[in-house]
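let's see this in three dimensions:
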Amino acid sequence: MSQLTRISISIEDDIIRRFDAIIEQQGLPTRSEAIKQLISSALVQYEWECGDIVAGVVTIIYDHHKTSLVQRLLEVQHNFSDIVICSQHAHLDHDNCMENIIVRGKVEKVKELHKALLAIKGMKHTTLSMSTTGSNRKVREIASHGNF
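I've put the predicted structure just below:
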């Protein structure tokens, strides 16, 4: 377990009241946990901006009766087999399926895959959920030099 560092911040009353309301609504245990999650989200965003190796999930919803759509979906995934780790298929109802495509690779390549999936005619919904392995070399170098 890593060491904890205590910090102190000053925030206007109105902002902290609104923040506390969100914390309570989301069921987070403490302000510290909420702030830690916000910082983690900012670090993930920064890693995606740096263009190093990232992880994520592309989620798509589609009508499985459209055979050409399913075939095209498979073709795109095979074209990006170097970054597609796996995919999970779920039947939502008689007509609709969900596919979660787990990816790991260079930011540009992941965005290229997402764009290719968006371009498939007939998709009902497509999202890219950005995440990270936490091992971004560039971010670690900046942190070790204290350049923040």
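
give me phi/psi at Ser68?
Here is the backbone geometry of Ser68 (degrees, to the nearest 10): phi -60, psi -30.

that one: neighbour count?
For Ser68, the neighbour count with other Cβ atoms under 10 Å is 10. Glycine gets a C-beta too; all of them are placed from N, C-alpha and C.

what's it in contact with, if anything?
For Ser68, the contact set (Cβ atoms under 8 Å, 6 or more residues apart in numbering) comprises Gly122.

so the residue nearest the centre of the chain, which of the three states?
Centroid check for the chain by Cα atoms, centre = their mean gives Met130 as the closest residue, at 1.8 Å. Following DSSP: H, G, I helix; E, B strand; the rest coil, the label given to Met130 is strand.

so it makes contact with Val54?
Yes - the criterion here is Cβ atoms under 8 Å, and Met130 meets it with Val54 at 6.8 Å.

that older thread, per-residue pLDDT, the residue nearest to the centre of the chain?
Listed pLDDT for Met130 reads 85.

that one pairs with what?
Taking DSSP bridges as the rule, Met130 bridges to Gly56.

could you break the protein into its assigned domains?
13-49, 52-131 (automatic domain parsing).

for those, give me TSV that also has distance to Gln3.
Compiled in TSV, the domains of the chain are given as follows (distance: least, Cβ to Cβ, whole Å):
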stretch	distance to Gln3
domain 13-49	14
domain 52-131	24
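
no more questions from me, cheers.
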